[in-house]
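1. Pasting the sequence and the predicted coordinates here, then a few questions.
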Amino acid sequence: MKSPLTDDLTRDAFLGGRLHLWQPRKGYRSGVDPVLLAAAVPATPGQSLLDLGCGAGAAMLCAATRVPGLICTGIELQDSYAALARRNAAEAGIPAAVHTADLRDLPPDIRQSQYNHVIMNPPYFERARGASASDTGRDTGRGGATPLADWLDTGIRRTAPGGTLTIIQQIARLHDILAALYGRLGSVIVQPLTARTGRAPNLAIVQAKLGGRAAFQLAEPLILHAGAIHNHDGDDYTPAIRAILRDGEKLPLGG
């Protein structure tokens, strides 16, 4: 549900209205992906979470809404989006420290810290392959100048022993993610996401643990929509996905 309250921003409902976020009317806007990312984090109250490239705060604030008492830190390159994340956190009553910074040049206190959970939703497209848009926010969200390898290296370095790194990304870039994780994080789970039954997955959630020793797991694809086609008004999410998006349920990776 959207409420057009200003010329430049909308205030959008997430998790069935349990959370509302200010977002730019034009530019990068959060949708389903950061909600699914947040739902996959195995967080408990009192743990710490670092959101790299937090945008307006959708993923970390969805996680903190589902897990009250989560200690959130966000890193965002664009000051306008960082300001929205601070505003959204404050209005939701969620304590969160949001820093305007390049993830390759983090503030000293962040560089010296590790977190129980690190999450990221890096741009899906490579700048070298022409990912660009006229709007700066959308351009950075689609295919920013920071290589995926730098996102992953920063995330791995900031993950605490026993902690998790959770990523949502295109299947086409899965090989890059697995190569970066190899020898550094273990207990890797790949959860493919597919729009409908019979379609190839185009996204995956990848989660790994620092010090994890469990065998690599490739899960059965999670189907987002019911039926072969969209043939009626309104959403057609499967019951499991609707429970995640509307009710703040967990997304249990691998099953």
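-> Ah, there it is.
2. List the buried residues for the top helix by length along the chain?
-> Criterion DSSP state H: the longest helix present in the chain is helix 79-92. Buried residues in helix 79-92, defined by neighbour count with 16 or more other CB atoms under 10 Å: 81, 82, 84, 85, 86, 87, 88, 89, 92. Yep, even glycine has a C-beta here, placed from its N, CA and C like the rest.
3. Now tabulate these in a markdown table and tack on pLDDT and distance to residue 14.
-> Listed next are the buried residues of helix 79-92 as a markdown table, based on pLDDT from 0 to 100; distance: CB to CB, whole Å:
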| residue | pLDDT | distance to residue 14 |
| --- | --- | --- |
| 81 | 97 | 16 |
| 82 | 97 | 19 |
| 84 | 97 | 14 |
| 85 | 98 | 13 |
| 86 | 98 | 17 |
| 87 | 98 | 15 |
| 88 | 98 | 10 |
| 89 | 98 | 13 |
| 92 | 98 | 10 |
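4. what's near enough to touch residue 48?
-> Residue 48 sits next to 70, 71, 72, 73, 115, 116, 117, 160 when contact means CB atoms under 8 Å, 6 or more residues apart in numbering.
5. at 6 Å what do you get?
-> Taking CB atoms under 6 Å, 6 or more residues apart in numbering as the criterion, residue 48 is in contact with 71, 115, 116.
6. Now intersect those with the helices, please.
-> Among the contacts of residue 48, no member falls in helices (DSSP H).
7. Throw those residues into TSV and include neighbour count and distance to residue 24, thanks.
-> Shown next, in TSV, are these (neighbours: other CB atoms under 10 Å; distance: CB to CB, whole Å):
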residue	neighbour count	distance to residue 24
71	18	27
115	22	27
116	21	30
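8. ok, the residues you listed vs residue 178, which is closest?
-> residue 115 (21.8 Å; CB to CB).
9. Let me know the pLDDT of the closest one.
-> pLDDT for residue 115: 98.
10. for the protein, where's the lowest mean pLDDT among helices and strands?
-> Of all helical and strand segments in the chain, the minimum by mean pLDDT, DSSP states H and E falls on strand 2-3, at a mean of 43.
11. helices and strands around the next helix or strand after that strand, which ones?
-> Sequence order places strand 9-14 as the next helix or strand after strand 2-3, per DSSP states H and E. With contacts defined as 3 or more CB pairs under 6 Å, 6 or more residues apart in numbering; DSSP states H and E, strand 9-14 has these neighbours: strand 2-3, strand 19-24.
12. That'll do, ta.
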